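# Using only what follows, build the 3D model:
(one chain, ligands or ions: 1)
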Amino acid sequence: MDIRNINDFINLVRDIYTPKHIKDREKNIDGMFIPLHEPKFAGNEEKYVLETIKSTFVSSVGAFVDRFEDDMSSIAQTKRAVALVNGTAALQISLILAGVKNGDEVLTQALTFIATANSISYTGAKPVFIDVDKDTMGLSPLALEEFLSENAQLQEDGCFNKKTGARISACVPMHTFGFMCKIDEIIKICKKWNIPVIEDAAEALGSKFKDKPSGSFGMLSAFSFNGNKITTSGGGGAITTNDENIADKAKHITTTAKTPHKWEYYHDNVGFNYRLPNLNAALACAQLEQIENFIKSKKNIYNQYASFFKSQGVHLMKKPKNSEWNYWLMSVLLDSKNDRNLFLKNTNKNGVMTRPIWQLMYRLPMYKNCQKDRQANAEFLEERIVNIPSSAII
Ligand SMILES: *Cc1c(COP(=O)(O)O)cnc(C)c1O
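Okay, here's the model as predicted:
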């Protein structure tokens, strides 16, 4: 894209995101700032949050926490959901409950947000980075199969890395920007190697793969309700699972591992205080009521981008086949790192927020010595993918 085309893009974004009454009033809309993704509170947010204040149940128990858990298990079509303080904690607890222990290894992608890798480190395990597919930007089943057949050995007590001797105790694929990765193939491979799968579905609430929702595939799955996600609770997270026993354990260890009793304090484990306050759950419930509207509006914006970029010969990333997309963050694939830098510089300078995809995890000091495969696709995408403004207009 040259400068002229980038300017056309900036004008298109301004046109999409400037409300009509402002466009009518202001001759010059050049100074407007357009964020990458902002939350929209157009429903019952105020009403529900006020209800919690009036009821005094603002903290970690309350009707909205229960309702949020019911809503999440029905969206993810799982038997259970457990509310948590954020998505990173949801990943950490999922890993612990899948059996990940100090000294183990966990397979994941290097092309992800830092929380995926950090949650693995919190358990004392090490991430091992597997390449992604170019179309989904998520963990590649082909690369996974290749890595395992080259490096892994199946033993009675699990799957082991022949090179390091460590147990490979989980696999965490991530649904990048709401695109579903090839989760059915990943599950099949991991089953063969006796490795539990945890979906990092933080970005994929509302997305589906072959008509099944994100969060319904893994032994456990983690969602985030941070302020930049498709729906927010201010801060928050959730685990979904079909295993009642695991769900009970998740609730227990995130509630200080206190055994139920009318007055005695007895804790049977080193638990966590990872509960989601009712105040935040109230916000989440109001947001979940609107998710279909958010997706509809975002899809409409995507279609406007699609016709623009088509005329420019620029590749707007489109949802992988066999899936439905929540349109969380939209992105373009530019021709080179130079093109990418020019695009980032000019859009951000002009108040149109754009961001490059994450730097690969093994570029960071904490993860630079982790084992990894070839990473050809991850490195290709790292240099070229840029997110563009994707907020819903409500
Ligand atoms: C947002 C996000 C998380 C973490 O969620 P928080 O609620 O911010 O802790 C984890 N993984 C991915 C891929 C995310 O985008």
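
# contacts, neighbours, all on C-alpha from now
Noted.

# Return the backbone torsion pair for A284.
phi -60, psi -40 (degrees, to the nearest 10).

# My guess is it contacts E69. True?
No. With contact defined as C-alpha atoms under 8 Å, A284 does not reach E69; the gap is 10.2 Å.

# More neighbours: these two, which one.
A284 (29 against 21; other C-alpha atoms under 10 Å).

# nearest residue to that one other than its sequence neighbours?
S233 (4.4 Å; C-alpha to C-alpha, 6 or more residues apart in numbering).

# so who does that neighbour touch?
Counting by C-alpha atoms under 8 Å, 6 or more residues apart in numbering, S233 touches 225-227, 280-284, 287.

# Of those residues, which are in range of the ligand?
Filtering these for proximity to the ligand by C-alpha under 6 Å from any ligand atom leaves 225-226.

# Okay, now the unreliable bits of this structure?
27-29 (pLDDT under 70).

# What parts of it come near the ligand?
86-88, 112-113, 115-116, 200, 202-203, 224-226, 236-237.

# Which two among those residues are spaced furthest apart?
T112 and G236 (19.1 Å; C-alpha to C-alpha).

# for the longest helix seen in the chain, packing partners?
Assignment by DSSP state H gives helix 291-312 as the longest helix of the chain. Applying 3 or more C-alpha pairs under 8 Å, 6 or more residues apart in numbering; DSSP states H and E, we find helix 291-312 packed against helix 3-17, strand 315-316.

# Out of these, flag the one nearest M330.
strand 315-316 (7.9 Å).

# Mind listing residues that contact the helix or strand just after that closest one?
Next helix or strand after strand 315-316 toward the C-terminus (DSSP states H and E): strand 323-324. Strand 323-324 has contacts (C-alpha under 8 Å, 6+ apart) with 179-180, 207-211.

# Adding secondary structure, distance to Y302 and neighbour count, write these out as a markdown table.
Converted to a markdown table, those look like this (DSSP: H, G, I helix; E, B strand; the rest coil; distance: C-alpha to C-alpha, whole Å; neighbours: other C-alpha atoms under 10 Å):
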| residue | secondary structure | distance to Y302 | neighbour count |
| --- | --- | --- | --- |
| F179 | coil | 14 | 32 |
| M180 | coil | 17 | 32 |
| S207 | coil | 15 | 25 |
| K208 | strand | 18 | 21 |
| F209 | strand | 20 | 21 |
| K210 | coil | 21 | 12 |
| D211 | coil | 21 | 10 |
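
# Show me where the stretch 1-150 of the chain has its strands.
Ranges of strands in the stretch 1-150 of the chain, per DSSP state E, counting those that start in this stretch, are 80-84, 105-109, 126-130.

# Can you pull the phi/psi pair for D248?
Torsion angles, degrees, to the nearest 10, at D248: phi -60, psi -40.

# swap in the one 10 residues further on?
With angles defined as degrees, to the nearest 10, K258 sits at phi -90, psi 130.

# Spit out the contact partners of it.
Taking C-alpha under 8 Å, 6+ apart as the test, what K258 contacts is 252, 265-268, 271.

# Among the residues you listed, give me the pair with the biggest separation.
Pairwise over the contacts of K258, using C-alpha to C-alpha, the maximum falls at H252 and Y265, 13.8 Å.

# Compare the two (neighbour count), which wins?
Neighbours around H252 and Y265, counted as other C-alpha under 10 Å, are more numerous at H252. The numbers are 20 against 9.

# Buried residues in the helix or strand hosting that one, which are they?
Secondary structure assignment for H252, by DSSP H and E: helix 244-253. Neighbour-count burial for helix 244-253 flags 246-247, 250-253 (criterion: 16 or more other C-alpha atoms under 10 Å).

# coming back round to it: shared neighbours of H252 and Y265, anything?
258-259.

# got the contact list for stretch 174-184?
108-109, 112, 136-141, 173, 199-205, 207-209, 214, 217, 319-320, 323-330.

# Let's see that with 6 Å instead.
136-138, 200-201, 203-204, 325-326, 328-329 (C-alpha atoms under 6 Å, 6 or more residues apart in numbering).

# now do stretch 272-289
44-45, 48-49, 58-60, 62, 64-65, 68, 83-85, 231-233, 253-256.

# Give me the subset of those lying in helices.
Short answer: those in helices (DSSP H) are 45, 48-49, 64-65, 68, 253.

# Among those, which one lies nearest to S307?
Looking across the ones in helices among the contacts of stretch 272-289 and measuring by C-alpha to C-alpha, the closest to S307 is E45, at 34.4 Å.

# burial of that closest one, as a residue count?
When neighbours are counted by other C-alpha under 10 Å, E45 comes out with 20.

# Roughly how far does the nearest residue to I246 once chain neighbours are set aside sit from E185?
With C-alpha to C-alpha, 6+ apart as the criterion, I246 has its nearest non-adjacent residue at 6.9 Å, and that residue is L97. In this view, L97 and E185 are 23 Å apart by C-alpha to C-alpha, to the nearest Å.

# cool, A257 as well?
From A257 to E185 the distance is 36 Å (C-alpha to C-alpha).

# Looking at those two, which has the bigger crowd around it?
A257 (19 against 15).

# What subset of the contacts of stretch 174-184 is buried?
Counted by 16+ other C-alpha under 10 Å, the contacts of stretch 174-184 give 136-138, 200-201, 203-204, 325-326, 328-329 as buried.

# With respect to K79, which of those is nearest?
For the buried ones among the contacts of stretch 174-184, the nearest to K79 is A201 (16.7 Å; C-alpha to C-alpha).

# show me the contacts for the closest one.
175, 222-223.

# In helices, which of those fall?
Per DSSP H, the contacts of A201 never map to helices.

# I'm done for today, thanks for sticking with me.
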